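make a model of this:
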Amino acid sequence: MTVPARRLERAVGWAFKNIDVVVAAGIALTIGLLDIFGDVLSDDVVSGATLLVLGALAIGSIVERVRQPASIQEALAGTRRALDDQAMVSSLIGAEVGEALREARQHTNLWYFKGGTGTYLRAVTLPSCVNAAKVQRSQLNMKIDIVNPDDERACDAYARFRQMFAGQHNAAEAALWTRDRVRKEAYATVLAACWYRQRLATLEIAVHLSSVVSTLRYDLSESCLVITQDDRSRMNLLVRRGQPLYDYYVTELHQSREQAMELDLRPAPPLAPEPTVDEVRLLFDELRLPLPRTFTDSDIGEITTKALHAEDPYRR
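I've put the predicted structure just below:
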């Protein structure tokens, strides 16, 4: 076969393999020349031809994908990865939240919490984890990140946030969320941390006070992360350990604590099983987090009750 013949054969072969491009180019060139050198075509014909060209190119794109099965496999693999990523997060509604937190407390030696004032932490998480560590004679590492009760602006902001959501369901409950209540709840969490620390030698507990209000609550154990909201009618989230999102939040919670103020709990004086008013006052003085002078003995008694006898908010 001569050289010109071989070239012609290759050209014809290329045209057949790329027939979509040839057709699109031919139509486009023909319409373009006619439109330039004469008023032969109407606007409708030109528009229709343009669509035809685009359609031919789209078909060519599909044909090209068919010619490349490896690309299809890559696309399918990417789709499977996207579906797997969606499975990283499970939704929780109603009673599922309490059950997820119960499972999270099983067989864990660490608990990281970030939230507003830590009511559920005081009522359930802290006593349950401490009791389990006593039975198992194991180490327990807890890190708590709550609103700073000494920061009035942060406490006001959190009170307004709670009022907004509580008011959608119960106006009377919304009215209870004042700056003083936020402060008492936060002080109660600090008191609870000190009280349990003195009753479990293997408990390593840290309390961080933040001036940035968190609108979500994060409870992270060795098995999972549970993200909840103050509005119980809204959806909550569960992230299992082993998923990238779990690791991301470990880092996120660490960075949040780094930007908060950590209390030194070591100077805490001994606390009785039911701390007295004087013991509580002395505790916060020693922690360099003195209680407001406006707080009466009754207010301090309320803080003690919230610290050691808090009500489980999920049982309301």
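
just the element for R217, please.
In this structure, R217 sits in strand 216-220 according to DSSP states H and E.

now do the helix or strand where D145 lies and strand 216-220, the angle between them.
Secondary-structure assignment from DSSP H and E places D145 in strand 140-147. Put simply, strand 140-147 runs at 170 degrees to strand 216-220, going by axes from the mean of the first three to the mean of the last three Cα atoms, to 10 degrees.

neighbouring strands - and their directions - for strand 140-147?
Paired strands of strand 140-147, with direction, are strand 110-114 (parallel), strand 203-210 (parallel) (DSSP bridges).

off-centre distance for the first one?
By that I understand strand 110-114. Offset of strand 110-114 from its chain centre (Cα atoms, centre = their mean, to the nearest Å): 14 Å.

same question, stretch 162-179
Taking mean C-alpha positions (Cα atoms, centre = their mean), stretch 162-179 and its chain are 24 Å apart.

which stretches of the protein form helices?
3-17, 19-37, 43-67, 69-86, 95-105, 119-120, 126-136, 152-166, 171-176, 179-197, 244-258, 277-286, 297-308 (DSSP state H).

what's the least confident stretch among those?
Mean pLDDT per stretch puts helix 43-67 lowest among the helices of the chain, at a mean of 46.

could you export the strands paired with strand 140-147 as a markdown table, including mean pLDDT and mean neighbour count?
Yep, even glycine has a C-beta here, placed from its N, CA and C like the rest. Listed next are these as a markdown table, based on pLDDT from 0 to 100; neighbours: other Cβ atoms under 10 Å:
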| stretch | mean pLDDT | mean neighbour count |
| --- | --- | --- |
| strand 110-114 | 97 | 21 |
| strand 203-210 | 98 | 20 |
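
turn the ones you listed into TSV, columns for distance to V190.
Output for those, formatted as TSV (distance: least, Cβ to Cβ, whole Å):
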stretch	distance to V190
strand 110-114	13
strand 203-210	6
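
mind checking which of the ones you listed is nearest S128?
When the strands paired with strand 140-147 are compared by Cβ to Cβ, strand 110-114 sits nearest S128, at 9.8 Å.

may I have that closest one exported as CSV, CA atoms only?
Output of strand 110-114 as CSV, limited to C-alpha atoms (Å, rounded to 0.1, in the frame of the first residue of the first chain):
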residue,chain,number,x,y,z
LEU,A,110,-12.3,9.1,78.0
TRP,A,111,-15.0,11.7,77.6
TYR,A,112,-14.8,15.1,75.9
PHE,A,113,-17.6,17.5,76.3
LYS,A,114,-18.3,20.9,74.8
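
so which of the strands paired with strand 140-147 comes closest to A154?
That would be, of those and by Cβ to Cβ, strand 203-210, which comes in at 7.3 Å.

residue contacts, the nearest residue to E222 once chain neighbours are set aside?
Spatial nearest neighbour of E222, excluding adjacent residues (Cβ to Cβ, 6 or more residues apart in numbering): T108 at 4.3 Å. Counting by Cβ atoms under 8 Å, 6 or more residues apart in numbering, T108 makes contact with C129, S221, E222, S223.

contact partners for the first one?
Right, C129. R105, T108, W111, L140, M142.

likewise the third one?
Under the criterion of Cβ under 8 Å, 6+ apart, the neighbours of E222 are H107, T108, N109, L110, R241.
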